[in-house]
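S.K.: this is a predicted model, with the sequence first.
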Amino acid sequence: MALAKSSGVFGVKNLKIFKMLTDAEGALPTWETTGISIPGIKSLKMSKKTKEVESRGDERLRDKETTFDSLDVSWENEEIPMDALVMIGGEAAIVHTAAGTGPVTPELNQVIESSDSVGSYFMIQCDTKRGSTAKGVKNVGVEIFKVQGSLSYDFVGEGFATCSFKGTAFACDGTIGGVAHPYRRLTFADGAITYA
């Protein structure tokens, strides 16, 4: 039986981000090989942004062209990932202070945010928990190639804080899988997915 081209999906897990290194016209973009895990992922949303250009004349609409402009991307997760904050927010590094270096100073890890910081482009990779096994699909993988945005935090009384990301996925300058200027890729597999 041929692998299905449609699948039900359930849940989201194993979300990682990879800093983009190069994106040259016509070439395969490159990313760091070691990703940063986003712990406690709860949701990932993607929606197309389109642009419409209308042709009007003779006091009527004569034609309309709709083009795919970019993707709005957002996620929500349960923990604050400091390494991701450094990459996404463009901060220099996590500043570590060993215990006891000042009067009753605990061990510290700090990210100091600055108005001069500029975030990096990065790729998102994640998996769903399952596909439609009746159709032979066991795993569905999502890749969004060139993303930039910002993290925010929601602290609540008597509840767990949540971290959320909001950003934009741009078309790559390069080529992936023979396709020029790609935004994202969905992969259906009958086994474990190995990202290229």
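M.R.: Now that the structure is in, tell me what you want to look at.

S.K.: point to the residue nearest the middle of this structure.
M.R.: residue 124 (3.5 Å; CA atoms, centre = their mean).

S.K.: now the strands: where do they sit in this structure?
M.R.: 13-22, 30-31, 36-37, 41-57, 60-77, 95-97, 108-110, 122-127, 139-154, 162-169, 175-176, 179-180, 184-189 (DSSP state E).

S.K.: quick one: closest of these to residue 84.
M.R.: When these are compared by CB to CB, strand 36-37 sits nearest residue 84, at 5.0 Å. (Glycine included, C-beta is placed from N, CA and C.)

S.K.: so what's residue 151 up against?
M.R.: Residue 151 makes contact with 84, 85, 88, 89, 163, 164, 165 under the criterion CB atoms under 8 Å, 6 or more residues apart in numbering.

S.K.: what's the answer for residue 21, then?
M.R.: 30, 31, 32.

S.K.: for this protein, list the residue farthest from the centre, please.
M.R.: Max radial position in the chain (CA atoms, centre = their mean) goes to residue 58, at 45.3 Å.

S.K.: what's the spacing between the closest residue to residue 117 other than its chain neighbours and residue 150?
M.R.: Ranked by CB to CB, 6 or more residues apart in numbering and with sequence neighbours excluded, the top spatial neighbour of residue 117 is residue 90, at 3.8 Å. According to CB to CB, to the nearest Å, residue 90 stands 10 Å off from residue 150.

S.K.: go on, residue 39?
M.R.: On the measure of CB to CB, residue 39 and residue 150 end up 18 Å apart.

S.K.: go on, residue 109?
M.R.: 20 Å.

S.K.: worst-scoring helix or strand of the protein, pLDDT-wise?
M.R.: Every helix and strand of the chain was ranked by mean pLDDT, DSSP states H and E. The lowest is strand 95-97, at a mean of 69.

S.K.: thinking again about what came up before, quick one: the spatially closest residue to the residue nearest to the centre of the chain that is not a sequence neighbour from residue 158, how far?
M.R.: The shortest distance from residue 124 to any non-neighbouring residue, by CB to CB, 6+ apart, is to residue 144 (4.3 Å). To residue 158, residue 144 is 34 Å away according to CB to CB.
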